[in-house]
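In: Take a look and give me a structure for this.
(chains A and B)
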Protein chains: 2
Amino acid sequence: MASTIQGQVARYLRDAYAMEHQSLTTLEAAEKITGDVDLEQTIRGHVTETKQHITHVGTRLEQLGETPSKLKNLAGKVGAVALGAGIVVQRDRPGKLLAVAYAYEHFEIAAYELLRRVAEKAGDTATVEVADRILAQERSAAEKLSWSFDAAVEASLEKTGATS
Amino acid sequence: MASTIQGQVARYLRDAYAMEHQSLTTLEAAEKITGDVDLEQTIRGHVTETKQHITHVGTRLEQLGETPSKLKNLAGKVGAVALGAGIVVQRDRPGKLLAVAYAYEHFEIAAYELLRRVAEKAGDTATVEVADRILAQERSAAEKLSWSFDAAVEASLEKTGATS
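Out: Modelled structure (predicted):
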């Protein structure tokens, strides 16, 4: 049954690949409307990391036999978590943006926690390593976002004109 | 300008009220498909807490002059984060469910972190207290969910027949 569980690893990797593309789209939209220099820098840094995650996960999928055309299809797939859809239309943008980004980082953390466990059960060390490397960056991004709660409140109040 | 910032507090509270209703709907749907006893218990416990959060936030809104009919409208409002929409149709349900719930808890954590800061700036101690009390329970729920990654993987593999 080893092939079946390895099939599950590939499935988790495909989900992660689609998830990272969705993350990239959201982060790139978010970068422009943070209203705060530090938050903008956190998001910009994580855009770069997210592009690397796409490469890492895509490479591992190719190593497992996924074709480039299938990868291309995955890139356009919308995941179960339709985050970011409401960001741009929100009135209180910096705050909402931060809450959505913070939630999405934790969706990714959970996804990689699951992937690494399935890969471990399948004895797929290469995938465990990819998951661990990305997990560290997702955790760090989530922590950095949590440092911006104060700034996001300031920026949100400023946008609504309620600064005092 | 004190009334303006207090207006913002009310707005954050209204968002929280809608968010908690969305959370309740998702959690009640999730409770039935966890595939694991501990995860089911965590979710059931948080359903109870979420109902209390609705009461606490609703009470504070009423104290600030919100009418019952307006509260009723808010309860049906869908937030920016359309979580849970994909849960039931997912093939790998326990894993996806956990990832979505984990993300949603962190959306709530961020929302209350923002609310407590706006309330603090407004000098609205009663709202700060409500936010802090709920925050503690959201953090605890998020932590409990993180204990279920192993079990969710087992349950997911079992559902797909790839247990070895």
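In: Now do the SS call for the residue nearest to A:Ala155 when sequence neighbours are not counted.
Out: Distances taken as C-beta to C-beta, 6 or more residues apart in numbering or on different chains put A:Gly35 closest to A:Ala155, at 3.4 Å, once the chain neighbours are dropped. For every residue, glycine as well, the C-beta is placed using N, CA and C. In three-state terms, and counting by DSSP: H, G, I helix; E, B strand; the rest coil, A:Gly35 is coil.
In: Show the backbone phi and psi for A:Gly35.
Out: Phi and psi for A:Gly35, reported as degrees, to the nearest 10, are phi 70, psi 10.
In: which other residues reach stretch A:124-137?
Out: Outside stretch A:124-137, the residues that touch it by C-beta atoms under 8 Å, 6 or more residues apart in numbering or on different chains are A:6, A:9, A:13, A:16, A:46, A:49, A:53, A:56-57, A:60, A:63, A:108-109, A:112-113, A:115-116, A:119-120.
In: quick revisit: my guess is the residue nearest to A:Ala155 contacts A:Pro94, does it?
Out: Yes - counting by C-beta atoms under 8 Å, A:Gly35 does reach A:Pro94; the two are 4.2 Å apart.
In: any common contacting residues for these two?
Out: By C-beta under 8 Å, 6+ apart, the residues touching both A:Gly35 and A:Pro94 are A:152, A:155-156, A:159.
In: which stretches of chain A form helices?
Out: A:2-31, A:37-63, A:68-75, A:93-121, A:125-146, A:149-160 (DSSP state H).
In: Okay, buried residues for the longest one please.
Out: Of the residues in helix A:2-31, those buried by neighbour count under the rule 16 or more other C-beta atoms under 10 Å in any protein chain shown are A:5-6, A:8-24, A:26-27, A:30-31.
In: now the fourth one
Out: Of the residues in helix A:93-121, those with enough neighbours to count as buried (16+ other C-beta under 10 Å) are A:93-119, A:121.
In: ditto for stretch A:134-144
Out: Within stretch A:134-144, the residues scored as buried using 16+ other C-beta under 10 Å are A:134-135, A:137-138, A:141-142, A:144.
In: Centre of the chain to that stretch, how far?
Out: 10 Å (C-alpha atoms, centre = their mean, to the nearest Å).
In: The residue lying closest to A:Tyr102 once chain neighbours are set aside and B:Val118, how far apart?
Out: Leaving aside its sequence neighbours, A:Tyr102 sits nearest to B:Ala110 (C-beta to C-beta, 6+ apart; 4.4 Å). Between B:Ala110 and B:Val118 the computed distance is 13 Å (C-beta to C-beta, to the nearest Å).
In: Equivalent analysis for A:Pro68, please.
Out: Applying C-beta to C-beta to A:Pro68 and B:Val118 gives a distance of 48 Å.
In: Could you do A:Arg133 as well?
Out: 37 Å.
In: Repeat that for A:Thr160.
Out: 10 Å.
In: shared neighbours of the two, which are they?
Out: B:Gln8.
In: Give me the neighbour count for A:Ser69.
Out: Around A:Ser69 there are 8 other residues, counting by other C-beta atoms under 10 Å in any protein chain shown.
In: which residues touch the spatially most central residue of chain A?
Out: In chain A, the centroid-proximal residue (C-alpha atoms, centre = their mean) is A:Ser23; its distance is 4.3 Å. By C-beta under 8 Å, 6+ apart, the contact list for A:Ser23 reads A:50, A:104, A:108.
In: Could you dump those into CSV with distance to B:Thr127 and pLDDT added?
Out: Converted to CSV, the contacts of A:Ser23 look like this (distance: C-beta to C-beta, whole Å; pLDDT from 0 to 100):
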residue, distance to B:Thr127, pLDDT
A:Thr50, 35, 96
A:Tyr104, 27, 89
A:Glu108, 31, 94
